[in-house]
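Asker: please find the sequence and the predicted model below.
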Amino acid sequence: MNVREVEYITIPVTNLDASLRFYHEVFDLPIIDLADGSKGAQLNKHFIKFKSVDHVEYPVEFGFVDKDTMDNIHSHLINYFVDIVDGPRETNELRRKATSITILDPDKNQIEITVFD
């Protein structure tokens, strides 16, 4: 076996329209129609698949790497009234210095945004 990358991640959501809006507006991700008829958000050659549920019992956690400055990211998140739960804080990711901020999407799925030095 020779796995090299993640193709997609599935995120449980209770309000598909609100989640599509959140990921499109906050992260500027294009919304796409997936082969199975569901909606997703494109992230380069990867994608996020949204699964509609009545209640998100177990929110997921995942991370994005961003190329902007943390000051700009922090201001952008505040301007969009995003729920910031931690940071910005300095971290060591994969033995490299980084700055991270952790936010929640509308269904309390946790997203860590990291900028590497």
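Answerer: Alright, I've got the coordinates.

Asker: so which elements touch the longest strand seen in the chain?
Answerer: The residue-count maximum for a strand in the chain (DSSP state E) belongs to strand 83-93. For strand 83-93, the packing partners by 3 or more C-beta pairs under 8 Å, 6 or more residues apart in numbering; DSSP states H and E come out as helix 70-79, strand 96-104, strand 110-116. Every C-beta, even on glycine, is put in place using the N, C-alpha and C of the backbone.

Asker: for the first one, buried residues please.
Answerer: Spelled out, that is helix 70-79. 70, 73-74, 76-77 (16 or more other C-beta atoms under 10 Å).

Asker: so what touches that helix?
Answerer: If you take C-beta atoms under 8 Å, 6 or more residues apart in numbering as the criterion, helix 70-79 is touched by 26, 66, 68, 84, 88, 99, 101, 103, 113, 115.
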